[in-house]
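J.: predicted structure and sequence below. I'll ask about it afterward.
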Amino acid sequence: MERMNCQVELLSPILDDVYDVVLKPQQSFDYIAGQYLQVVMANDDKRPFTIANAPGEQHLQLHIGATPENLYAGQVLERMRTEGQIDIEMPFGRSVIEQTPERDVLIMVGGTGFSYAKALIEALNQMPHSVNVYLYWGGRNLGGLYLYELAQQWHDAGQVQFNPVIEQPIAQWQYHTGLVHEAVLSDFASLKDVDVYVAGRFEMAAVARDAFFAKGLIASQLHGDAYEFI
Ligand SMILES: Cc1cc2nc3c(=O)[nH]c(=O)nc-3n(C[C@H](O)[C@H](O)[C@H](O)COP(=O)(O)OP(=O)(O)OC[C@H]3O[C@@H](n4cnc5c(N)ncnc54)[C@H](O)[C@@H]3O)c2cc1C
(Lines give C-alpha, C1' and ligand atoms only; values in the text may rest on other atoms or scores of the structure.)
Protein backbone atom coordinates (compact mmCIF):
# COMPACT_ATOMS: atom_id res chain seq x y z
CA MET A 1 0.00 0.00 0.00
CA GLU A 2 1.31 3.42 -0.96
CA ARG A 3 0.34 7.00 -0.22
CA MET A 4 0.47 9.37 -3.18
CA ASN A 5 -0.65 12.78 -4.24
CA CYS A 6 -3.00 13.09 -7.22
CA GLN A 7 -4.02 15.96 -9.46
CA VAL A 8 -7.79 16.22 -9.83
CA GLU A 9 -8.17 16.16 -13.61
CA LEU A 10 -11.97 16.04 -13.73
CA LEU A 11 -14.80 16.54 -11.29
CA SER A 12 -18.09 16.63 -13.09
CA PRO A 13 -21.68 15.55 -12.33
CA ILE A 14 -22.85 12.48 -14.24
CA LEU A 15 -26.49 12.52 -13.18
CA ASP A 16 -28.31 13.84 -10.14
CA ASP A 17 -25.92 13.52 -7.19
CA VAL A 18 -23.28 11.24 -8.72
CA TYR A 19 -19.93 12.72 -9.74
CA ASP A 20 -17.33 11.45 -12.18
CA VAL A 21 -13.85 12.08 -10.76
CA VAL A 22 -10.58 11.50 -12.59
CA LEU A 23 -7.35 11.54 -10.58
CA LYS A 24 -3.83 11.59 -12.01
CA PRO A 25 -1.34 10.19 -9.49
CA GLN A 26 2.07 11.90 -9.43
CA GLN A 27 3.83 8.54 -9.48
CA SER A 28 3.37 5.10 -11.03
CA PHE A 29 0.72 2.90 -9.48
CA ASP A 30 -0.60 -0.62 -9.65
CA TYR A 31 -3.89 -2.29 -8.77
CA ILE A 32 -6.29 -5.06 -9.80
CA ALA A 33 -9.83 -4.56 -11.15
CA GLY A 34 -12.25 -4.42 -8.23
CA GLN A 35 -9.89 -2.76 -5.76
CA TYR A 36 -10.49 0.51 -3.95
CA LEU A 37 -8.45 3.48 -2.78
CA GLN A 38 -8.77 5.59 0.33
CA VAL A 39 -8.88 9.37 0.21
CA VAL A 40 -6.76 10.69 3.07
CA MET A 41 -8.73 13.50 4.69
CA ALA A 42 -6.49 13.17 7.80
CA ASN A 43 -4.28 10.42 9.20
CA ASP A 44 -7.21 9.12 11.20
CA ASP A 45 -9.84 9.85 8.56
CA LYS A 46 -9.54 7.85 5.34
CA ARG A 47 -12.55 7.35 3.08
CA PRO A 48 -12.87 4.38 0.68
CA PHE A 49 -13.90 4.69 -2.96
CA THR A 50 -13.84 1.96 -5.58
CA ILE A 51 -11.59 2.50 -8.59
CA ALA A 52 -14.08 2.59 -11.48
CA ASN A 53 -11.71 1.87 -14.36
CA ALA A 54 -9.77 -1.31 -15.05
CA PRO A 55 -5.97 -1.14 -14.78
CA GLY A 56 -3.98 -0.07 -17.81
CA GLU A 57 -4.73 3.65 -17.92
CA GLN A 58 -2.69 6.56 -16.60
CA HIS A 59 -5.49 7.77 -14.34
CA LEU A 60 -7.92 6.58 -11.69
CA GLN A 61 -11.64 7.11 -12.11
CA LEU A 62 -14.13 7.32 -9.25
CA HIS A 63 -17.91 7.63 -9.09
CA ILE A 64 -18.82 9.52 -5.95
CA GLY A 65 -22.42 9.68 -4.79
CA ALA A 66 -22.93 12.89 -2.83
CA THR A 67 -26.47 13.77 -1.90
CA PRO A 68 -26.66 17.05 0.06
CA GLU A 69 -26.99 15.19 3.38
CA ASN A 70 -23.99 12.93 2.64
CA LEU A 71 -21.18 14.95 4.25
CA TYR A 72 -18.83 11.98 4.08
CA ALA A 73 -18.64 12.17 0.27
CA GLY A 74 -19.46 15.88 -0.01
CA GLN A 75 -16.39 16.87 2.02
CA VAL A 76 -14.16 14.79 -0.23
CA LEU A 77 -15.54 16.49 -3.34
CA GLU A 78 -15.18 19.91 -1.71
CA ARG A 79 -11.51 19.22 -0.86
CA MET A 80 -10.86 18.08 -4.44
CA ARG A 81 -12.63 21.15 -5.85
CA THR A 82 -10.86 23.73 -3.71
CA GLU A 83 -7.35 22.24 -3.68
CA GLY A 84 -7.23 20.61 -7.13
CA GLN A 85 -5.22 17.77 -5.60
CA ILE A 86 -5.75 15.05 -3.06
CA ASP A 87 -3.76 12.44 -1.15
CA ILE A 88 -4.79 8.83 -1.55
CA GLU A 89 -3.64 5.43 -0.37
CA MET A 90 -4.03 2.36 -2.55
CA PRO A 91 -4.60 -0.39 -3.43
CA PHE A 92 -7.02 -2.12 -1.03
CA GLY A 93 -9.49 -4.99 -1.35
CA ARG A 94 -9.46 -8.65 -2.26
CA SER A 95 -12.74 -8.88 -4.20
CA VAL A 96 -11.06 -8.70 -7.57
CA ILE A 97 -11.04 -10.33 -10.98
CA GLU A 98 -7.49 -10.94 -12.08
CA GLN A 99 -7.66 -14.19 -14.02
CA THR A 100 -9.91 -15.70 -16.63
CA PRO A 101 -13.07 -16.83 -14.84
CA GLU A 102 -13.93 -20.52 -14.78
CA ARG A 103 -17.54 -20.11 -13.65
CA ASP A 104 -20.31 -17.74 -14.70
CA VAL A 105 -19.92 -14.32 -13.10
CA LEU A 106 -22.84 -12.55 -11.43
CA ILE A 107 -22.18 -8.93 -10.49
CA MET A 108 -24.84 -7.40 -8.25
CA VAL A 109 -24.52 -3.74 -7.33
CA GLY A 110 -26.65 -0.97 -5.86
CA GLY A 111 -26.32 2.73 -6.73
CA THR A 112 -22.70 3.87 -6.95
CA GLY A 113 -21.62 0.27 -6.43
CA PHE A 114 -21.75 0.40 -10.23
CA SER A 115 -18.18 1.73 -10.16
CA TYR A 116 -17.10 -1.72 -8.95
CA ALA A 117 -19.10 -3.41 -11.70
CA LYS A 118 -17.56 -1.12 -14.30
CA ALA A 119 -13.98 -1.97 -13.34
CA LEU A 120 -14.72 -5.72 -13.28
CA ILE A 121 -16.54 -5.67 -16.61
CA GLU A 122 -13.83 -3.62 -18.29
CA ALA A 123 -11.28 -6.18 -17.07
CA LEU A 124 -13.44 -9.11 -18.25
CA ASN A 125 -13.88 -7.45 -21.63
CA GLN A 126 -10.09 -7.46 -22.04
CA MET A 127 -9.83 -11.22 -21.32
CA PRO A 128 -10.67 -14.09 -23.61
CA HIS A 129 -13.32 -16.05 -21.67
CA SER A 130 -16.35 -18.19 -22.36
CA VAL A 131 -18.49 -17.65 -19.25
CA ASN A 132 -21.76 -15.74 -18.92
CA VAL A 133 -21.48 -12.38 -17.18
CA TYR A 134 -24.67 -11.17 -15.49
CA LEU A 135 -25.00 -7.59 -14.25
CA TYR A 136 -27.81 -6.70 -11.85
CA TRP A 137 -27.81 -2.98 -11.07
CA GLY A 138 -30.35 -1.64 -8.59
CA GLY A 139 -31.32 1.97 -8.08
CA ARG A 140 -34.00 3.76 -6.11
CA ASN A 141 -35.24 5.11 -9.45
CA LEU A 142 -34.01 5.41 -13.03
CA GLY A 143 -31.80 8.37 -12.07
CA GLY A 144 -29.93 6.05 -9.70
CA LEU A 145 -28.79 4.02 -12.74
CA TYR A 146 -26.60 6.92 -13.74
CA LEU A 147 -24.70 5.19 -16.59
CA TYR A 148 -27.57 3.09 -17.88
CA GLU A 149 -26.51 3.58 -21.51
CA LEU A 150 -23.02 2.22 -20.86
CA ALA A 151 -24.45 -0.93 -19.27
CA GLN A 152 -26.89 -1.26 -22.17
CA GLN A 153 -23.96 -0.99 -24.64
CA TRP A 154 -22.20 -3.90 -22.93
CA HIS A 155 -25.46 -5.82 -23.15
CA ASP A 156 -25.95 -5.02 -26.85
CA ALA A 157 -22.35 -6.07 -27.55
CA GLY A 158 -23.02 -9.45 -25.90
CA GLN A 159 -20.47 -8.75 -23.16
CA VAL A 160 -22.92 -8.85 -20.25
CA GLN A 161 -26.54 -9.70 -19.60
CA PHE A 162 -27.70 -6.43 -18.05
CA ASN A 163 -30.66 -6.50 -15.69
CA PRO A 164 -31.63 -3.06 -14.40
CA VAL A 165 -33.75 -2.97 -11.24
CA ILE A 166 -35.65 0.03 -9.88
CA GLU A 167 -37.61 0.05 -6.66
CA GLN A 168 -40.96 1.32 -7.95
CA PRO A 169 -42.52 0.50 -11.33
CA ILE A 170 -42.75 3.30 -13.90
CA ALA A 171 -44.65 3.49 -17.18
CA GLN A 172 -43.37 1.06 -19.82
CA TRP A 173 -40.71 -0.43 -17.53
CA GLN A 174 -40.20 -4.02 -18.71
CA TYR A 175 -37.56 -5.08 -16.22
CA HIS A 176 -37.44 -6.00 -12.55
CA THR A 177 -38.78 -3.79 -9.80
CA GLY A 178 -38.05 -4.03 -6.07
CA LEU A 179 -34.68 -4.59 -4.42
CA VAL A 180 -31.82 -5.74 -6.58
CA HIS A 181 -31.06 -8.95 -4.66
CA GLU A 182 -34.72 -9.96 -4.99
CA ALA A 183 -34.36 -9.77 -8.78
CA VAL A 184 -31.38 -12.14 -8.63
CA LEU A 185 -33.33 -14.52 -6.41
CA SER A 186 -36.25 -14.58 -8.81
CA ASP A 187 -34.07 -15.26 -11.88
CA PHE A 188 -31.74 -17.95 -10.50
CA ALA A 189 -33.04 -21.33 -9.33
CA SER A 190 -29.61 -22.01 -7.78
CA LEU A 191 -26.43 -19.98 -7.23
CA LYS A 192 -24.26 -23.06 -6.77
CA ASP A 193 -22.34 -22.64 -10.02
CA VAL A 194 -21.64 -18.89 -10.16
CA ASP A 195 -19.13 -16.49 -8.67
CA VAL A 196 -20.99 -13.55 -7.15
CA TYR A 197 -19.50 -10.06 -6.80
CA VAL A 198 -21.38 -7.54 -4.65
CA ALA A 199 -21.02 -3.78 -4.04
CA GLY A 200 -23.44 -1.32 -2.51
CA ARG A 201 -24.88 -0.45 0.87
CA PHE A 202 -23.82 -2.67 3.74
CA GLU A 203 -27.48 -3.48 4.47
CA MET A 204 -27.87 -4.77 0.92
CA ALA A 205 -24.67 -6.82 1.11
CA ALA A 206 -25.81 -8.39 4.39
CA VAL A 207 -29.30 -9.35 3.28
CA ALA A 208 -28.00 -10.66 -0.07
CA ARG A 209 -25.41 -12.87 1.63
CA ASP A 210 -28.01 -14.68 3.72
CA ALA A 211 -30.43 -15.06 0.83
CA PHE A 212 -27.76 -16.23 -1.62
CA PHE A 213 -26.36 -18.84 0.77
CA ALA A 214 -29.91 -20.17 1.09
CA LYS A 215 -29.93 -20.46 -2.74
CA GLY A 216 -26.84 -22.68 -2.73
CA LEU A 217 -24.05 -20.11 -3.07
CA ILE A 218 -20.79 -21.33 -1.51
CA ALA A 219 -19.04 -18.84 0.78
CA SER A 220 -15.79 -18.96 -1.21
CA GLN A 221 -17.74 -17.88 -4.31
CA LEU A 222 -19.10 -14.69 -2.72
CA HIS A 223 -16.89 -11.64 -3.17
CA GLY A 224 -17.40 -8.13 -1.83
CA ASP A 225 -15.32 -5.75 0.24
CA ALA A 226 -18.40 -4.81 2.24
CA TYR A 227 -18.04 -8.19 3.96
CA GLU A 228 -14.77 -7.06 5.53
CA PHE A 229 -16.58 -4.16 7.18
CA ILE A 230 -19.80 -5.80 8.41
C1 LIG B 1 -14.81 -0.42 0.12
C2 LIG B 1 -15.86 0.63 -0.13
C3 LIG B 1 -15.90 1.28 -1.35
C4 LIG B 1 -16.83 2.30 -1.56
N5 LIG B 1 -16.82 2.93 -2.77
C6 LIG B 1 -17.68 3.94 -3.00
C7 LIG B 1 -17.66 4.63 -4.24
O8 LIG B 1 -16.86 4.33 -5.13
N9 LIG B 1 -18.53 5.65 -4.42
C10 LIG B 1 -19.42 6.01 -3.44
O11 LIG B 1 -20.18 6.96 -3.67
N12 LIG B 1 -19.48 5.37 -2.26
C13 LIG B 1 -18.63 4.34 -2.00
N14 LIG B 1 -18.68 3.67 -0.82
C15 LIG B 1 -19.69 4.03 0.19
C16 LIG B 1 -21.00 3.19 0.09
O17 LIG B 1 -20.77 1.87 -0.26
C18 LIG B 1 -21.89 3.79 -0.94
O19 LIG B 1 -22.18 5.10 -0.51
C20 LIG B 1 -23.20 3.04 -1.11
O21 LIG B 1 -22.98 1.81 -1.74
C22 LIG B 1 -24.03 3.86 -2.03
O23 LIG B 1 -25.27 3.41 -2.10
P24 LIG B 1 -26.31 4.27 -2.91
O25 LIG B 1 -26.75 5.44 -2.06
O26 LIG B 1 -25.74 4.64 -4.24
O27 LIG B 1 -27.45 3.21 -3.09
P28 LIG B 1 -28.99 3.37 -2.82
O29 LIG B 1 -29.50 4.36 -3.83
O30 LIG B 1 -29.28 3.59 -1.39
O31 LIG B 1 -29.50 1.91 -3.16
C32 LIG B 1 -29.39 1.37 -4.46
C33 LIG B 1 -30.04 0.00 -4.43
O34 LIG B 1 -29.35 -0.87 -3.51
C35 LIG B 1 -30.30 -1.76 -2.92
N36 LIG B 1 -30.41 -1.49 -1.48
C37 LIG B 1 -30.14 -0.33 -0.83
N38 LIG B 1 -30.40 -0.46 0.50
C39 LIG B 1 -30.85 -1.74 0.68
C40 LIG B 1 -31.29 -2.50 1.82
N41 LIG B 1 -31.34 -1.96 3.05
N42 LIG B 1 -31.68 -3.79 1.62
C43 LIG B 1 -31.64 -4.35 0.38
N44 LIG B 1 -31.24 -3.68 -0.73
C45 LIG B 1 -30.86 -2.40 -0.58
C46 LIG B 1 -31.64 -1.49 -3.57
O47 LIG B 1 -31.81 -2.32 -4.70
C48 LIG B 1 -31.49 -0.03 -3.98
O49 LIG B 1 -32.37 0.37 -5.01
C50 LIG B 1 -17.76 2.66 -0.57
C51 LIG B 1 -17.71 1.99 0.67
C52 LIG B 1 -16.77 1.00 0.88
C53 LIG B 1 -16.76 0.31 2.20
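T.: Done, it's in.

J.: contact partners of stretch 181-192?
T.: Stretch 181-192 is contacted by residues 106, 108, 136, 138, 163, 165, 176, 194, 204, 207-208, 211-212, 215-218, 221 when judged by Cβ atoms under 8 Å, 6 or more residues apart in numbering. From N, CA and C alone the C-beta is placed, and that goes for glycine too.

J.: with stretch 202-218 instead?
T.: With contact meaning Cβ under 8 Å, 6+ apart, stretch 202-218 is reached by 108, 110, 138, 179-181, 184-185, 188, 190-192, 194, 196, 198-199, 219, 222, 224, 226-227, 229-230.

J.: in it, what counts as buried?
T.: 204, 205, 208, 209, 211, 212, 217 (16 or more other Cβ atoms under 10 Å).

J.: same check, this time on stretch 15-29
T.: Under 16+ other Cβ under 10 Å, the buried positions of stretch 15-29 are 17, 18, 19, 20, 21, 22, 23, 25, 29.

J.: go on, stretch 156-170?
T.: Quick answer for stretch 156-170 (16+ other Cβ under 10 Å): 159, 160, 162, 163, 164, 165, 166.

J.: report the entries of the residues you listed that also contact the ligand.
T.: Applying Cβ under 6 Å from any ligand atom to the buried residues of stretch 156-170, one finds that residue 165 fall near the ligand.

J.: just how off-centre is stretch 8-22 within its chain?
T.: Relative to the chain's own centre, stretch 8-22 is displaced by 15 Å; criterion: Cα atoms, centre = their mean, to the nearest Å.

J.: which parts of the chain are helices?
T.: 71-83, 114-125, 148-156, 180-187, 202-214 (DSSP state H).

J.: hmm, the fourth one in reach of the ligand?
T.: When you say that, I think you mean helix 180-187. Yes - residues of helix 180-187 contacting the ligand under Cβ under 6 Å from any ligand atom: residue 180.

J.: now do that helix, average pLDDT.
T.: Averaged over helix 180-187, pLDDT sits at 98.

J.: cool, the first one as well?
T.: The average pLDDT for helix 71-83 rounds to 97.

J.: which helices and strands sit right next to it?
T.: Counting contacts by 3 or more Cβ pairs under 8 Å, 6 or more residues apart in numbering; DSSP states H and E, helix 71-83 packs against strand 2-15, strand 18-25, strand 36-42, strand 45-50, strand 60-65, strand 85-92.

J.: closest one to residue 152 among those?
T.: Of all the helices and strands packed on helix 71-83, strand 2-15 sits nearest to residue 152, with 14.4 Å by Cβ to Cβ.

J.: residues from the protein in reach of the ligand?
T.: Checking the chain against the ligand by Cβ under 6 Å from any ligand atom, the hits are 36, 48-50, 62-65, 73, 110-113, 115, 138-140, 144, 165, 167, 179-180, 200-201, 203-204, 207, 225-226, 229.

J.: how about 5 Å then?
T.: Within the chain, the positions adjacent to the ligand are 36, 48-50, 64-65, 110-113, 115, 138, 140, 144, 167, 179-180, 200-201, 203-204, 207, 225 by Cβ under 5 Å from any ligand atom.
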